[in-house]
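1. the sequence and its predicted three-dimensional model are supplied below.
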Amino acid sequence: MVSSSDPVTMEIPPKSPDGSEKSPQSKELMTSNTASTLCISSRSESVWTSASRSKWDIYHKPVIVVSVGAAIFLFGMVITSLSCIQIKNKNVYKMCGPAFLSLGLMLLVCGLVWIPIIRKKQKQRQKSQFLQSLKSFFFNR
């Protein structure tokens with residue numbers, strides 16, 4: 001990994017206007033930050049760092065989705081139950097209540113399904129780290 005801030009320079013000779021030959025007198029320097037761009041654009045930092053994460057760091061997104069889904073679902077139940085009582089805007093409650101119910105239920109189910117997926121990924125990651133350590137132990141003797 002290149003950690004210096006100096007970009008790597010490459011010489012690229014431009015072609016002549018007709019594209020047939022290269023002119024050696026007019027060479028341009030082109031900068032390339034490929035190594036630093038590769039590190040920045042990597043999908044996850046776990047490739048570069050192997051620090052262990054807490055349970056909250058792993059599960060905070062699905063827990064938030066489940067919490068918001070449950071809150072919206074309960075709000076939908078309240079709105080739907082208000083449509084049973086004689087109120088002025090009964091039609092509005094009849095339309096909005098089921099919409100909030102379905103949205104809340106969808107978020108709740110998505111969050112609940114997300115948790116076992118994360119657990120499975122964590123187990124696979126642990127197995128692959130274990131197998132890599134075994135491989136390095138036996139092949140680097």
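-> Now that the structure is in, tell me what you want to look at.
2. so where's the longest helix in the protein?
-> helix 90-139 (DSSP state H).
3. that helix packs against which elements?
-> Counting by 3 or more C-beta pairs under 8 Å, 6 or more residues apart in numbering; DSSP states H and E, the packing neighbours recorded for helix 90-139 are helix 55-82. Bear in mind the C-beta positions are built from the backbone N, C-alpha and C, glycine included.
4. pLDDT score for Met10?
-> Reading off the confidence values, Met10 has pLDDT 51.
5. swap in Leu105?
-> Value listed for Leu105 in the pLDDT field: 96.
6. again with Ile85
-> 82.
7. what is the burial count for it?
-> Using other C-beta atoms under 10 Å, the number of residues around Ile85 comes to 8.
8. shaky segments in the protein?
-> 1-51, 141 (pLDDT under 70).
9. before we move on, back to that, tell me the angle the longest helix of the chain makes with helix 55-82.
-> Using axes from the mean of the first three to the mean of the last three C-alpha atoms, to 10 degrees, one finds that helix 90-139 and helix 55-82 are set 160 degrees apart in direction.
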